[in-house]
Structures are given as C-alpha cells and as structure tokens.
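*Asks:* attaching a predicted model along with its sequence, questions to come.
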Amino acid sequence: MKTTLLLLAALSAATIASAQKLVIKGSDTLGAKLVPQLAEEYKAKHPGVSFEIAAEGSTTGIAAITDGTAQIGMSSRRAKPTEMSAATAKGVTLKPIVVAYDGMAGNEQIAAEVAKNPNGIGYVGLAYIHVEGIKVVPADGVLPTRISRTLTIPLRLCALGRPKEPLRV
C-alpha cells in the first residue's frame, strides 16, 4: 500500500501543485475502496490536499484523461482501440501504470446480492470479500490473495503527463 500511496503522490505532483485538489475518475474496482483509503492516508499527512474521487467505471476514467476532466484515470482494463484513437486525436498519450492486481473484476452490487441470498454464488474483486454475509471459497485450497491466480487482472492508473516537481503542501 505504501508503494501505491507514493505512486499516487508522484502521479499527482504535476497537476495538483497549484490547485491542491486532485480529481480521480474511473474504475469502481479501484475507486470504491482502495483509492479512497489511499487518499485518506495521504490527506492525513498532507492536510492541504483534497481529492475528488468518482468510481464510475473504466470507460469514465479513460475518457476523463482524454478530455482533461481528471488528473488521474483509473482502469481495470486496457484502453480499447477506439479510446486510444480518441486520445491520440486530442494529443493525449495514454500510458497506464499497473498499480495493483485484483483477483477478479467485480462490483458492490454482486457482493450485496450474494450476501442477502443464502443460495447466492458470484464473483467479486478482492476489495469486496469482507462484506458481511460473504463467504470466500478457496480454489484448489488457496484463497484468492496471490497475483499468480489465473483470474487476476491488472489495475491501472493513468495520469496527464509526467510529474514535473514534487507536491508542495
């Protein structure tokens, strides 16, 4: 987590220095729990910084970087060729950085439905396995905590440009 927090700070340095507010949009796999937790930890050490986090899906994150409405876009998938073309047409180069791996892309709705249905079976990302009523079942005797699992997906952050200077607060 410390590495991701440092990465979040590094990615934000170029764009937050003057505004003191960092807008992060995209994947709910990252934005529902992990990024808000990292933001809270960062704000505790740097109270002059605020975050606006919108966990609205990977498509939103890629579009937000392309149209300049966010400094960091979150994605749990690769950009589609059409998204890459749209970014290139606007002079934006998408260079995502893998910051974490998740056991499987999922969402809160699946976790909630499975939790309330005693016969429910579903799949969710690791961020949702601690929801009350959810029982995690190991595959081949191994819980989904290792990157080597076959259902892992890389989680990416993409920033507008490369940081030019460290964050000043």
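*Replies:* Great, that's in hand. Numbering: from 1, shown residues only.
*Asks:* and the residue most central in space within the chain, what element?
*Replies:* Central residue of the chain (C-alpha atoms, centre = their mean): Leu30, 2.7 Å from the mean position. Leu30 is located in helix 28-31, with elements delineated by DSSP states H and E.
*Asks:* model confidence over that helix, on average?
*Replies:* Model confidence over helix 28-31 averages 90 on the pLDDT scale.
*Asks:* which residues are contacting that helix?
*Replies:* For helix 28-31, contacts defined as C-beta atoms under 8 Å, 6 or more residues apart in numbering pick out 24-25, 53-57, 74, 76, 99-100, 102, 105-108, 125, 127, 155, 157. All C-beta atoms are positioned from the backbone trio N, CA, C, and that covers glycine.
*Asks:* now that helix - C-alpha only, CSV.
*Replies:* Coordinates of the C-alpha atoms in helix 28-31 are reproduced here as CSV (Å, rounded to 0.1, in the frame of the first residue of the first chain):
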residue,chain,number,x,y,z
ASP,A,28,-15.0,1.2,-9.4
THR,A,29,-12.6,-1.7,-8.6
LEU,A,30,-10.0,0.9,-7.6
GLY,A,31,-12.3,3.8,-6.8
